[in-house]
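Colleague: would you be able to build a 3D model of this:
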Amino acid sequence: MKCFLIILCLLLLIFCCNWESFVYKPRELDLYNSEFLGEWLDPRCLKILKQIGKGVSPDKIKDLRKEGEGVYSYPCVRIEFANKLLEEVKNYEASGEEIRRPNSMNNYGVILNEMGMKELMNSLQDKVIKPLAKVLFPEIGNGLSGHHTFTVRYNAGEDRSLDMHTDDSDVTFNLCLGENFKGCKLQFCGDISKHDHRHHSLTYFHEVGRAIMHLGSRRHGADDIEEGTRTNLVMWSYNPEYRKKPKPSGEKESGPPDLLCLSWTHDRDFNSQMERLTGKKDSREPPAKAWCPKRGHEFGT
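Modeller: Okay, here's the model as predicted:
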């Protein structure tokens, strides 16, 4: 018994002496504070927020760019902040900490809320995303509360692209952190509730430090990356009150889907549409859980 206690004490001593080696050591401590500093924001973003606060109409704000119907982009953070956050994420990924997939479709990235940055992201949501969402998306963006925030990474050796999908969010904020990359454009189709949800609407080219915002119900996906690595910070914001409201059943498709807007992950008719558009089927069958479009809402039914 005495020997057992001595061994137990020694093990506890060794464990305590090495405890720090099991705990992640942040390099950028201010990223774990509860306030997102104004000095990290691009001066043009601060100007946009000031104009919004004064009631200036979004279409009158020079640096708030309307990419297409329901899709907006703007200069958001300084390049120095993008680099700072990116390096901290890399440090965390290299630390040996257990890392969960950021979402059901991306395999590479980290959940910032779990990394210890939830309060910082709360502040970013309060200072930047909520004021803009309130005026850009009055019905859905007014009353945001809570979020799922993470990074996603694309390069030739990991995820190269992202299949067409909608987000599990009410409003999506997508900020490009870097690095040097070519390709991996963001392609947008229509809103899932509309007749043209599988029709291509616009192509967006990411710029480091620039953010894009859209409704989570908007179908979109990322092209193949051609060179380098692209890492983005994504925040899915939620509106609890809006989610309680009954939703319309959606509109029937007004025409056949575009090839670019097909989703292998979600479309029940993926292979039949591929055959119609290309003359051949894909070698894969869509997952059993594929659900889109709703039955009876397909074009031609």
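
Colleague: and Ile115, how many residues sit next to it?
Modeller: Careful, residue 115 is Met and not Ile. Using other C-beta atoms under 10 Å, Met115 has 23 other residues around it. Every residue, glycine included, has its C-beta placed from N, CA and C.

Colleague: hang on, isn't it packed against Glu93?
Modeller: No - using C-beta atoms under 8 Å, Met115 makes no contact with Glu93, being 9.7 Å away.

Colleague: secondary structure class for the closest residue to Trp40 other than its chain neighbours?
Modeller: What sits nearest to Trp40 in space, not counting adjacent residues and going by C-beta to C-beta, 6 or more residues apart in numbering, is Phe81, at 4.0 Å. Classification of Phe81 by DSSP: H, G, I helix; E, B strand; the rest coil places it in helix.

Colleague: residue numbering should commence at 39 henceforth.
Modeller: I'll keep to 39 as the first residue from here, and by that count the last item is Phe119.

Colleague: Phe119: what's it in contact with?
Modeller: With contacts defined as C-beta atoms under 8 Å, 6 or more residues apart in numbering, Phe119 is in contact with 78-79, 247.

Colleague: now it: how far from Phe211?
Modeller: Distance, Phe119 to Phe211, by C-beta to C-beta, to the nearest Å: 15 Å.

Colleague: show me what the residue sitting nearest the centre point of the chain bridges to in the sheet.
Modeller: Most central in the chain under C-alpha atoms, centre = their mean is Val272, positioned 3.1 Å from the mean C-alpha point. Judged by DSSP bridges, the bridge partners of Val272 are Phe188, Asn212.

Colleague: what is the neighbour count of the closest residue to Leu69 other than its chain neighbours?
Modeller: Of all residues not flanking Leu69 in the chain, Glu126 sits nearest, at 5.6 Å (C-beta to C-beta, 6+ apart). Using other C-beta under 10 Å, Glu126 has 20 other residues around it.

Colleague: equivalent analysis for the one 4 residues further on, please.
Modeller: Summarising burial for Tyr130: neighbours were counted as other C-beta under 10 Å, giving 21.

Colleague: show me what contacts it?
Modeller: Tyr130 sits next to 62, 137, 148, 153 when contact means C-beta under 8 Å, 6+ apart.

Colleague: identify the residues contacting the closest residue to the second one other than its chain neighbours.
Modeller: For Ile137, the nearest residue in space outside its immediate sequence neighbours is Val148; the separation is 5.6 Å by C-beta to C-beta, 6+ apart. Contact criterion C-beta under 8 Å, 6+ apart gives 127, 130-131, 137, 140, 188-189 as the residues in contact with Val148.

Colleague: can you map out the helices along this protein?
Modeller: Ranges of helices in the chain, per DSSP state H, are 40-55, 81-91, 117-131, 150, 156-162, 168-174, 278-282, 308-316.

Colleague: so what touches the last one?
Modeller: When you say that, I think you mean helix 308-316. Contact with helix 308-316 is made by 294-295, 297, 300-302, 305, 318-320, 323-324, 328, as judged by C-beta under 8 Å, 6+ apart.

Colleague: buried only: go through the residues you listed for me.
Modeller: 295, 300-302, 305, 324 (16 or more other C-beta atoms under 10 Å).

Colleague: and of those residues, the nearest to Val173?
Modeller: Among the buried ones among the contacts of helix 308-316, Ser301 lies closest to Val173 (C-beta to C-beta), at 30.6 Å.

Colleague: count of neighbours near the nearest residue to that closest one once chain neighbours are set aside?
Modeller: With sequence-adjacent residues excluded and distances taken as C-beta to C-beta, 6+ apart, Ser301 is closest to Met202, at 3.8 Å. As a burial measure, Met202 scores 22 neighbours (other C-beta under 10 Å).

Colleague: give me the distance between Met202 and Ile263.
Modeller: Taking C-beta to C-beta as the measure, Met202 falls 16 Å from Ile263.
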